[in-house]
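**Student:** return a 3D structure for these sequence lines:
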Amino acid sequence: GKRFSIGTTMRLGMQMVRAIEGMHDHGYLHRDVKPSNFAMGRHHENRDWCFLIDFGLARRYVLPSGDIRTARESAGFRGTARYASINSHLSKELSRRDDIWSLLYMMIEFLKGSLPWSNIENKEDVGRRKIELDSLDLVGGLPVEMASFMEHLRTLDYKDKPNYDFI
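**Tutor:** As a prediction, the model looks like this:
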């Protein structure tokens, strides 16, 4: 059914959020969080580890002063349409919350087998569909923790640090 079990999804999700958190802690956004940008270890000692890869769209969000970069008026679309946050579809400057929105979409897909916009090819249409479905219905039928995850993301503004431990 193109699905992972709840246990597998949660174990992967915990490792993925820690990988994203590590990148954020170094002052960078990934801006293209999607399943193909994670890889499992190849060797016996790390075969259960999930690694974040492909930093081609990464951007420094922390200035040398330690301040968060000021958001641009318009930043253009970044990422992969299926997993990009609504902010990316709206050409807004991306922040830490947007990497985590992408992770939420991935986890929903892992649990349900697809996303409601999986069969839409045009990125503008994908963005419109995400805006239409931006409610807790998106995580309906999933563990209640997914609704808490989504609600937490909805509280975050551009400069806010996600609560990685909560997630």
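**Student:** count the residues that sit near Leu104.
**Tutor:** Using other CB atoms under 10 Å, Leu104 has 22 other residues around it. Using the backbone N, CA and C atoms, a C-beta is placed for each residue, glycine as well.
**Student:** separation between it and Ile167?
**Tutor:** 9 Å (CB to CB, to the nearest Å).
**Student:** joint contacts of the two?
**Tutor:** Taking CB atoms under 8 Å, 6 or more residues apart in numbering as the contact rule, Leu104 and Ile167 both touch Phe149.
**Student:** tally up the residues packed near Asn87, please.
**Tutor:** 19.
**Student:** that one and Asp99 touch, don't they?
**Tutor:** No - counting by CB atoms under 8 Å, Asn87 does not reach Asp99; the two are 10.8 Å apart.
**Student:** top helix in this structure by residue count?
**Tutor:** If you go by DSSP state H, the chain has its longest helix at helix 6-25.
**Student:** what does it contact?
**Tutor:** For helix 6-25, contacts defined as CB under 8 Å, 6+ apart pick out 4, 29-30, 33, 38, 49-52, 58, 61, 96, 99-100, 103, 106-107, 110-111, 143, 161-162, 164, 167.
**Student:** quick check on these: which are buried?
**Tutor:** 4, 29-30, 33, 38, 50, 52, 58, 61, 96, 99-100, 103, 106-107, 110-111, 162, 164, 167 (16 or more other CB atoms under 10 Å).
**Student:** mind checking which of those are in strands?
**Tutor:** Those of the buried ones among the contacts of helix 6-25 mapping onto strands are 29, 38, 50, 52, per DSSP state E.
**Student:** wait, which of the residues you listed is closest to Thr155?
**Tutor:** Nearest to Thr155, judged by CB to CB, of these is Leu29 at 18.9 Å.
**Student:** give me the most central residue, the chain.
**Tutor:** Taking CA atoms, centre = their mean as the criterion, Ser102 is the residue nearest the geometric centre of the chain, at 2.1 Å.
**Student:** just give the closest residue to that residue, not the sequence neighbours.
**Tutor:** Once flanking residues are discounted, Ser102 sits nearest to Val33: 3.6 Å by CB to CB, 6 or more residues apart in numbering.
**Student:** residue contacts, the one you found?
**Tutor:** 16, 20, 52, 79, 83, 99, 102-103, 106.
**Student:** go again with 10 Å.
**Tutor:** Applying CB atoms under 10 Å, 6 or more residues apart in numbering to Val33 gives the contacts 16, 19-20, 23, 52, 54, 57, 79-80, 83-85, 98-106.
**Student:** likewise Ser114?
**Tutor:** Taking CB under 10 Å, 6+ apart, we find Ser114 in contact with 1-3, 82, 108.
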